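What shape does this take:
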Amino acid sequence: MHLDEQQSAARIWFEHLRDLICAEFEGIEREAGSDATFDYAPWDRIDPSGEPGGGGVRGVMKGRVFEKVGVNVSTVGGTFEGEFAKSINGASDDPRFFATGISLVAHMANPHVPAVHMNCRFLVTTKRWFGGGADLNPPLPIAEDTDDFHGTLKAACDAHDAGYHERYRDWAEEYFRIPHRGVSRGVGGIFVDHLEGDFDANFAFIQDIGRAFLDAYPRIVRRRMNTPFTHADETAMLEWRGRYAEFNLVYDRGTLFGLKTGGNIDAILMSLPPRATWA
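Okay, here's the model as predicted:
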């Protein structure tokens with residue numbers, strides 16, 4: 001699959017960010033006395049046309065601190081099938097597409113350590129745009145951690161546009177909600193989509209989202225990973241994970257995009273928790 005200069009730059013950054021994040025997470029495991037490392041599984045995609053359609057690498061680690069964390073990168077292209085093209089920005093008249101990105105979900109062993117989601121992507125149809133964001137999902141919210149996460153993301157947003165944080169924070173509150181439960185799935189973050197126009201400026205912003213995540217989240221993990229917890233705390237975490245799974249299977253755009261474009265099923269569903277309960 002031929003990539004132009006912008007597509008190649010985005011792919012290289014997302015893969016570099018994956019390497020930085022995985023190294024940091026493995027370092028946390030070593031600090032906890034664990035030798036857990038990421039297991040990487042490459043996969044290839046065949047487009048509905050029968051032509052090669054790119055692929056990606058699924059990375060999963062199960063350790064002492066990270067009960068299950070997945071960090072995926074993918075670069076795919078081809079043609080959207082049927083009615084799905086009409087739901088994608090710029091694809092209603094021409095269903096050809098390109099997409100590259102990173103997707104991360106971490107479910108933690110200690111209920112006091114927040115779960116987290118982060119995703120950054122670059123899509124090309126008849127338009128070109130970035131999207132992504134990050135949101136914190138604590139089973140047992142702690143104000144200090146929530147404020148730290150939001151504050152770090154705000155600083156990244158403010159470096160580019162004074163209005164970005166409020167706009168994308170509010171979008172996250174709207175998007176990361178479970179309508180049938182009437183609750184949010186976490187304490188929010190930022191959600192960005194259809195960021196078109198100046199490639200260099202938008203790419204720099206998306207890179208700073210990734211850097212802000214890498215700054216804030218490991219700090220929060222280290223702050224809480226040795227906190228004692230009770231059976232009741234763990235029960236609350238498992239029940240909360242059930243709601244997280246409901247959101248990802250019913251509402252998440254990334255899950256739908258992966259399924260509709262013939263992505264790797266193990267990579268798509270790596271966001272699901274290793275254990276969950278429905279009381």
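
can you count the residues close to the closest residue to Ala115 other than its chain neighbours?
Closest residue in space to Ala115, ignoring its immediate chain neighbours: Asn137 at 4.2 Å, by CB to CB, 6 or more residues apart in numbering. For every residue, glycine as well, the C-beta is placed using N, CA and C. The number of residues packed near Asn137 is 25, by other CB atoms under 10 Å.

Find me the pLDDT at Asn137, would you?
Per-residue pLDDT puts Asn137 at 97.

cool, and the one 4 residues further on?
We have a pLDDT of 97 for Pro141.

Determine the three-state secondary structure at it.
coil (DSSP: H, G, I helix; E, B strand; the rest coil).

show me the contacts for the closest residue in space to Asp208 that isn't next to it in sequence.
Closest residue to Asp208 apart from its sequence neighbours, by CB to CB, 6+ apart: Ala156 at 4.4 Å. Ala156 sits next to 205, 208-209, 211-212 when contact means CB atoms under 8 Å, 6 or more residues apart in numbering.

All the helices of the stretch 151-279 of the chain, residue numbers only.
164-175, 199-224, 231-250, 253-260, 265-268 (DSSP state H, counting those that start in this stretch).

one step back: distance of the residue nearest to Asp208 from Ala216?
Here Ala156 is placed at a distance of 9 Å from Ala216 (CB to CB, to the nearest Å).

got it, and Tyr168?
Distance of Tyr168 to Ala216, given as CB to CB: 15 Å.

Then Val250?
The gap separating Val250 from Ala216 is 28 Å, by CB to CB.

likewise Ala267?
25 Å.

Could you do Trp171 as well?
Trp171 is 19 Å from Ala216, where distance means CB to CB.

Show me which of the two is the more surrounded one.
Ala216 (23 against 16).

so how many other residues sit close to the spatially closest residue to Ala204 that is not a sequence neighbour?
The shortest distance from Ala204 to any non-neighbouring residue, by CB to CB, 6+ apart, is to His160 (7.2 Å). For His160, the count of nearby residues is 16 (other CB under 10 Å).

Am I right that His160 is in contact with Ala201?
Yes. Using CB atoms under 8 Å, His160 is in contact with Ala201, at 7.2 Å.

Name the SS class of Val116, please.
strand.

bridging residues for it?
Val116 has these beta-bridge partners by DSSP bridges: Ala106, Leu136.

Please tell me how far it sits from His180.
Per CB to CB, Val116 is found 23 Å from His180.

count of neighbours near Ile190?
27.

Over to Gly54?
With other CB under 10 Å as criterion, Gly54 counts 22.
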